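Novice: let's see this in three dimensions:
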Amino acid sequence: QVQLVESGGGLVQAGGSLTLSCAASGWIFRIDAMRWYRQAPGKQRELVAGITSSGTTNYVDSVIGRFTISRDNAKNTVYLQMISLKPEDAAVYYCNAEIQITRFDISQDYWGQGTQVTVSS
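Specialist: Below you'll find the model as predicted:
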């Protein structure tokens, strides 16, 4: 059973910083892309940042220059460093990963349970 466990959320003042972590555990052969999504109340879930297994990254325009996604393949962990946080960044942040359980399987999407980020103005 594969699990993604996020940590690092919390309450921060506008302009502050947080770093989210998401660790994958269980029977894992390979992890392809890893991503962070967020969902604010009353809004659709949106892709915030993604990183391929080789380290290529992409970001939603609103976080460019403020958020940095990275991964540690040896630890099956993805990070999201967030600086200069704004009230509009407040949301539940979800980790997503494309995971191949064995070399005979195709990659499947797995999700974490979410971690709350609250930004006070």
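Novice: can you tell me the centre-most residue of the protein?
Specialist: For the chain, the residue nearest the mean C-alpha position is Trp36 (2.8 Å; Cα atoms, centre = their mean).
Novice: and it, which of the three is it?
Specialist: strand (DSSP: H, G, I helix; E, B strand; the rest coil).
Novice: burial of Val92, as a residue count?
Specialist: By other Cβ atoms under 10 Å, 18 other residues sit near Val92. Yep, even glycine has a C-beta here, placed from its N, CA and C like the rest.
Novice: ok but Ala74 is inside a strand, no?
Specialist: No. Per three-state DSSP, Ala74 lies outside any strand segment and is helix.
Novice: any figure for the gap between it and Asp105?
Specialist: According to Cβ to Cβ, to the nearest Å, Ala74 and Asp105 sit 22 Å apart.
Novice: between these two, which has more neighbouring residues?
Specialist: Ranked by neighbour count (other Cβ under 10 Å), Ala74 and Asp105 place Asp105 first, with 11 against 6.
Novice: contacts only, for the more buried one.
Specialist: Contacts of Asp105 were listed using Cβ atoms under 8 Å, 6 or more residues apart in numbering, and they are Phe29.
Novice: angles on the backbone of it, please.
Specialist: Note on Asp105: its backbone torsions stand at phi -100, psi 160 [degrees, to the nearest 10].
Novice: swap in the one 5 residues further on?
Specialist: Backbone torsions for Tyr110, taken as degrees, to the nearest 10, come to phi -130, psi 150.
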